[in-house]
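Enquirer: Show me the folded form of this:
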Amino acid sequence: MWDAVSRGKSGIGPITKFDPIYHDTKIAGEIKNFDPLAHVSKKELRRLDDFVIYALAAADMVVADSGFTPTGEMAERTGVIIGSAIGGVASIEEQKEILMNSGPGKISPFAIPAILGNLAAGHVSIRYNLKGPIECPAMACAAGAYGIGRAFHAISYGYADAMIAGGVDAAVTPLAVAAFNAMRALSRRNEEPEKASRPFDQNRDGFVIAEGCGLLLLEELDHALERGAKIYAEIAGFASTSDAFHMAAPPPGHEGAARCMKLALQDAGLEVQDVDYINAHGTSTPLNDLYELQAIKSVFGEYAPRVAVSSTKSVMGHLLGGAGGVEAVIAVKALQEGFIPPTINLECPEPELADLNLVPHQGYKKDLKVVMSNSFGFGGANAVLVFKRFQG
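Expert: The predicted structure is shown next:
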């Protein structure tokens with residue numbers, strides 16, 4: 001994923017998970033070359049929705065990479081927070097079809113566990129015997145970032161010593177695509193899928209729906225050092241706010257997002273001039289992109305042109321509740337690698353944003369110390385994370 005994001009290699013292509021012949025949008029960011037049986041049994045594969053399977057796969061990778069398998073009292077001090085915008089929407093569609101065609105007697109007894117949004121966190125906690133705090137923030141497209149922020153504060157306030165946290169969604173489904181089409185939220189650039197997600201570009205026509213999961217292991221510093229953990233970065237700040245404006249649209253200037261960025265920096269004890277790179281929410285929708293950048297300009301003021309801002313949704317599409325989790329991983333990788341990933345497909349920036357460094361087409365090396373990751377969602381939900389390079 002990082003290799004593709006850093007090179008600006010698009011993962012957008014034709015929808016293959018269902019036949020979109022009657023849909024206006026026929027493209028998505030689907031997970032490719034994924035073998036679910038590497039992470040779940042054949043029995044689980046039949047019973048679990050993809051969003052749960054993706055979360056289990058990501059958790060397996062987290063545990064393998066970190067070497068962290070808590071037991072005893074530590075298991076009681078380790079929790080799971082995995083946000084999701086839509087949960088098991090594919091299973092809802094499947095069971096509704098069975099109900100209509102075959103009657104209520106044919107509904108699966110595993111339907112409800114497949115549908116419930118908190119079952120991603122639930123299955124991860126069961127698999128790894130994690131008995132600490134467990135949550136599923138249903139914060140729309142801010143869910144993943146909100147989950148990581150909640151986990152950060154759970155450790156900071158002493159409720160846990162370690163947390164697996166992030167977000168997941170698997171909403172490349174007939175209903176979800178049709179519903180977002182009905183809102184005119186999705187790109188219809190079906191003939192050029194790799195060019196369809198174009199944040200900040202004047203010719204953007206909506207976001208590209210995608211699927212996936214991004215998780216981090218957050219750990220109290222002394223505990224991590226004691227066990228010799230490989231530390232990628234320090235999470236330094238988190239904030240969440242509400243626009244209190246509209247169910248789907250941000251307000252002009254995006255005051256809620258601006259306030260959220262300020263509060264996250266305050267939580268981290270940092271100033272605007274400390275930030276080197278912002279991984280923007282940058283959905284490729286007309287209102288979000290413009291208003292988010294207006295918010296960045298209002299917060300960062302005269303320093304704004306010196307901060308690199310890019311949207312990696314240009315490469316991956318929009319993972320809904322999974323976006324903030326994956327983008328947090330990207331923020332951490334940017335710090336680790338000292339590399340700012342690009343915004344691809346940015347050919348005609350909005351004129352009033354011409355003074356900003358939106359990293360068009362190609363990323364570049366830079367010594368990074370502080371990275372911010374923005375996530376905003378329907379209902380006016382805003383979540384901002386701040387990461388620092390770990391100094392040892």
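Enquirer: Tell me where this structure has helices.
Expert: 2-7, 42-47, 50-66, 72-76, 89-102, 111-115, 119-127, 143-156, 174-182, 221-226, 255-268, 286-300, 313-316, 323-337 (DSSP state H).
Enquirer: Pull the residues that contact the fourth one.
Expert: Taking CB atoms under 8 Å, 6 or more residues apart in numbering as the criterion, the residues outside helix 72-76 that touch it are 129-132, 161-162. The way it works is simple: take the backbone N, C-alpha and C, and place the C-beta from them, glycine included.
Enquirer: same question, the second one
Expert: By CB under 8 Å, 6+ apart, the list of residues contacting helix 42-47 from outside reads 36-37, 53, 108, 110, 113-114.
Enquirer: So what's the gap between it and the chain middle?
Expert: Centroid displacement of helix 42-47 relative to its chain, using CA atoms, centre = their mean, to the nearest Å, is 26 Å.
Enquirer: what's the average pLDDT for it?
Expert: For helix 42-47, the mean per-residue pLDDT is 96.
Enquirer: Now residue 215: closest residue in space, sequence neighbours ignored.
Expert: Once flanking residues are discounted, residue 215 sits nearest to residue 166: 3.8 Å by CB to CB, 6 or more residues apart in numbering.
Enquirer: what residues are up against the spatially closest residue to residue 180 that is not a sequence neighbour?
Expert: With sequence-adjacent residues excluded and distances taken as CB to CB, 6+ apart, residue 180 is closest to residue 186, at 4.8 Å. Shown here is residue 186, whose contacts under the criterion CB under 8 Å, 6+ apart are 24-25, 177, 180, 206-209.
Enquirer: now do residue 372
Expert: 261, 264-265, 275, 277-279, 331, 384-387.
Enquirer: so it bridges to which residues?
Expert: residue 278, residue 386 (DSSP bridges).
Enquirer: can you give me the strands in the stretch 101-250 of the chain?
Expert: Remark: strands assigned in the stretch 101-250 of the chain by DSSP state E, counting those that start in this stretch are 134-135, 162-169, 212-219, 234-242.
Enquirer: Of these, flag the one that's most buried.
Expert: strand 162-169 (a mean of 33; mean count of other CB atoms under 10 Å).
Enquirer: Please save the CA atoms from stretch 15-26 in CSV.
Expert: Below are the C-alpha coordinates for stretch 15-26, written out as CSV (Å, rounded to 0.1, in the frame of the first residue of the first chain):
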residue,chain,number,x,y,z
ILE,A,15,-16.2,-2.8,-10.0
THR,A,16,-16.0,-6.6,-9.9
LYS,A,17,-17.7,-7.4,-6.6
PHE,A,18,-21.1,-7.1,-8.3
ASP,A,19,-22.4,-6.3,-11.8
PRO,A,20,-22.9,-2.5,-11.9
ILE,A,21,-24.6,-2.5,-15.3
TYR,A,22,-27.6,-0.4,-14.0
HIS,A,23,-25.5,1.9,-11.7
ASP,A,24,-24.3,5.3,-12.8
THR,A,25,-20.9,4.6,-11.1
LYS,A,26,-19.1,1.5,-12.2
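Enquirer: buried sites along it?
Expert: 15, 17, 20, 23, 25-26 (16 or more other CB atoms under 10 Å).
Enquirer: what do you get for stretch 264-278?
Expert: 264-265, 267-268, 270, 272, 274-278.
Enquirer: ok, now stretch 86-103?
Expert: Buried, per 16+ other CB under 10 Å, within stretch 86-103: 86-92, 94-95, 98.
Enquirer: of the residues you listed, closest to residue 199?
Expert: Of all the buried residues of stretch 86-103, residue 86 has the smallest distance to residue 199: 21.8 Å, by CB to CB.
Enquirer: on that earlier part again, for the residue nearest to residue 215, give its distance to residue 216.
Expert: Applying CB to CB, to the nearest Å, the value for residue 166 to residue 216 is 6 Å.
Enquirer: got any residues that touch both of these two?
Expert: 148, 325, 328-329.
Enquirer: list the contacts for the spatially most central residue of the chain?
Expert: Nearest to the mean C-alpha position of the chain, by CA atoms, centre = their mean, lies residue 323 at 1.8 Å. Residues in contact with residue 323 (CB under 8 Å, 6+ apart) are 141, 144-145, 167, 281, 313, 375.
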